[in-house]
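1. no FASTA, just this:
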């Protein structure tokens, strides 16, 4: 394949039948305004339009909803394999939906987008002249662009700067539902143009999408990299625009959260906005995922059951329909581990080693097999993950292996019953590490799993190979960072689990019901058959908040205040906060019946023993507030300073 440069366009290209050009930063150049600043400018214009229509909307609400809709759309697109495109009309439609705006304003907002682009672009006249010369010589000239804009709107921009007649056709990823980065768009264009790849030439600025990908397909390419200085100017412009927006949006009035009286009130005024915000994220993610007709969303027992209750209520209250198929799934880390063990996947071994540290082989066998086994003495040895599969393959281990396989076969039937032929299975759970995702993907590779969670964090220090398929929609971080308010849940994660989990047992065993459907020891979990809020005052309060909502704008505004209040309650709890956030002992799980208290009851032990005991508490700040009421300010300041130093260290190491 000949190595091409722009100089080649100054002479006839005898072997080329089709010239394809990228649009943005190639045929149309940018004047330094970043994408963020363009969005902010557009939403301000949109706010003025809505004001004139009698539908006043704060520009910051429009900006936040737009950025959020885009972020979740691209997250869902990338998690689904990256094929297709996020279309601007869909983003604006979702933005309008969560803000309660009429669909009639969508076209006006798209028109504003084009107007803003006209102000931020200028023509690459010299390049266009070269293209015209080749087109006049009989070579077809087309544009191929990865963009959320339709080909019609891209054509409007090109005609505005270059006049009509420059191109024979415009191929937009938004129209074609395919992208240059994946190569699909090039294949569709070659087919539509009836041109062999070797006789096509593509020109663009992106090294991957415009050069490496088409070149790998046999297409000749010319790379026109964007000026580095212009990239830096654009980034600086974006940072400045966002900084000014944050200052202005933070200067507005803030409605105070009323004093917290009990857990229901705390759930309503603090967790209510936080849960509703998460559900908005989930709806936006689901909207993009629903473009895959073979996708389904499965809410995991137990935490996913509470999430679904809140999610379905939010959809109903805010009139946010979602066509994506949804079901509840009988799943736990134990169930997922059986799949990985049945497949003899090494991915399960470090999970078992961590969960059963210092336990015996027999303890692991009883947890996974859930039966009574007459095991020889060597099964009483301390568990060594590297020997476990060999132990299962012995005569003594065969009964355990058979029970594991039997349970796994039952689970496979369950997956088929609730997911059908879906190729994209989206698991919805609380978080953190995504063990279920990791284990199911290892044990059932015939299915394509991805997981959306409230938060994602590698607190286990194990492999992160599965993280590209696990999204923490609210939080993704390594640890609590005092400079990132929402990461405060990583200081006391068990409160999030307790918030969403109904009062039912973890799924340990599966069996076939009389109607041929798989059932679990946890009882009936199908949506509408179980009240996840029963006996759960925090979730009861959160659902009360959702039931009283008027729009998504209310959620986004309330959530900021709620997160600040939750941060205060977790890292510097008052007596009322300790009561409000106190939850029942948490199950050790993984087939075991042990429980551990989030905050151990106050004791009369000496100071040294109390301080040592604090380190083992699930909520250390709560333990300090309970055990050391007089020393609490000094101790919490010391803990806080340690987190500040770690936060600074994390920033410096980026």
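-> Arrived safely. Nothing here was measured: the structure is a model prediction, and the numbers come from that model. Numbering: from 1, shown residues only.

2. mind giving me the packing neighbours of the lengthiest strand in the chain?
-> In the chain, with assignment by DSSP state E, the single longest strand is strand 448-456. Under the contact definition 3 or more CB pairs under 8 Å, 6 or more residues apart in numbering; DSSP states H and E, strand 448-456 sits against helix 272-289, strand 424-429, helix 435-443, strand 470-476, helix 494-500. Where C-beta positions appear, they are placed from N, C-alpha and C, glycine not excepted.

3. reformat the ones you listed as a markdown table; add distance to residue 87, mean pLDDT and mean neighbour count.
-> As requested, these are arranged in a markdown table below (distance: least, CB to CB, whole Å; pLDDT from 0 to 100; neighbours: other CB atoms under 10 Å):
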| stretch | distance to residue 87 | mean pLDDT | mean neighbour count |
| --- | --- | --- | --- |
| helix 272-289 | 10 | 97 | 25 |
| strand 424-429 | 19 | 96 | 24 |
| helix 435-443 | 28 | 95 | 25 |
| strand 470-476 | 20 | 97 | 22 |
| helix 494-500 | 32 | 93 | 22 |
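
4. with distance to residue 516 added, can I get these in TSV?
-> Conversion of the helices and strands packed on strand 448-456 to TSV gives the following (distance: least, CB to CB, whole Å):
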stretch	distance to residue 516
helix 272-289	29
strand 424-429	21
helix 435-443	23
strand 470-476	33
helix 494-500	30
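
5. out of these, which is closest to residue 45?
-> helix 272-289 (23.0 Å; CB to CB).

6. which strands border the helix or strand following that closest one, and is each parallel or antiparallel?
-> Sequence order places strand 295-300 as the next helix or strand after helix 272-289, per DSSP states H and E. According to DSSP bridges, strand 295-300 has the following sheet partners: strand 325-329 (parallel), strand 424-429 (parallel).

7. to residue 473, which of those strands lies closest?
-> Closest approach to residue 473 among the strands paired with strand 295-300 (CB to CB): strand 424-429, 9.5 Å.

8. relative orientation of that closest one and strand 448-456 in degrees?
-> An angle of 30 degrees separates the directions of strand 424-429 and strand 448-456 when computed by axes from the mean of the first three to the mean of the last three CA atoms, to 10 degrees.

9. run through the stretch 501-650 of the chain and note the low-pLDDT ranges.
-> 584-588, 591-616, 647-650 (pLDDT under 70).

10. same thing but at 80, please
-> Counting by pLDDT under 80, the stretch 501-650 of the chain contains low-confidence ranges at 583-618, 623, 625-630, 632, 639-650.

11. over to the stretch 201-350 of the chain?
-> The stretch 201-350 of the chain contains residues with pLDDT under 80 at 226-261.

12. let me see the ranges of the helices in it.
-> For the stretch 201-350 of the chain, the helices identified by DSSP state H, counting those that start in this stretch occupy 207, 213-216, 228-250, 263-266, 272-289, 303-318, 333-342, 347-355, in order along the chain.

13. tell me which of these sits nearest to residue 8.
-> Comparing those by CB to CB, helix 213-216 comes nearest, at 14.9 Å.

14. list the contacts of that closest one.
-> Counting by CB atoms under 8 Å, 6 or more residues apart in numbering, helix 213-216 makes contact with 1, 180-183, 186, 202, 221, all of which sit outside it.

15. quick check: which of those residues has the minimum pLDDT.
-> When the contacts of helix 213-216 are sorted by pLDDT, the bottom entry is residue 1 at 66.

16. one step back: reformat the strands paired with strand 295-300 as CSV; add distance to residue 7.
-> As requested, the strands paired with strand 295-300 are exported to CSV (distance: least, CB to CB, whole Å):
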stretch, distance to residue 7
strand 325-329, 55
strand 424-429, 46
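
17. closest one to residue 62 among these?
-> In this view, the strands paired with strand 295-300 are compared for proximity to residue 62 by CB to CB, and strand 424-429 is the closest at 27.9 Å.

18. who touches that closest one?
-> Counting contacts by CB under 8 Å, 6+ apart, the residues outside strand 424-429 that touch it are 80, 282, 286, 289, 292, 294-300, 303-304, 307-308, 329, 331, 415, 419, 436-437, 440, 447-453.

19. could you rerun that using 6 Å?
-> The set of residues external to strand 424-429 that reach it, using CB atoms under 6 Å, 6 or more residues apart in numbering, is 80, 292, 294-295, 297-300, 303-304, 307, 419, 447-453.
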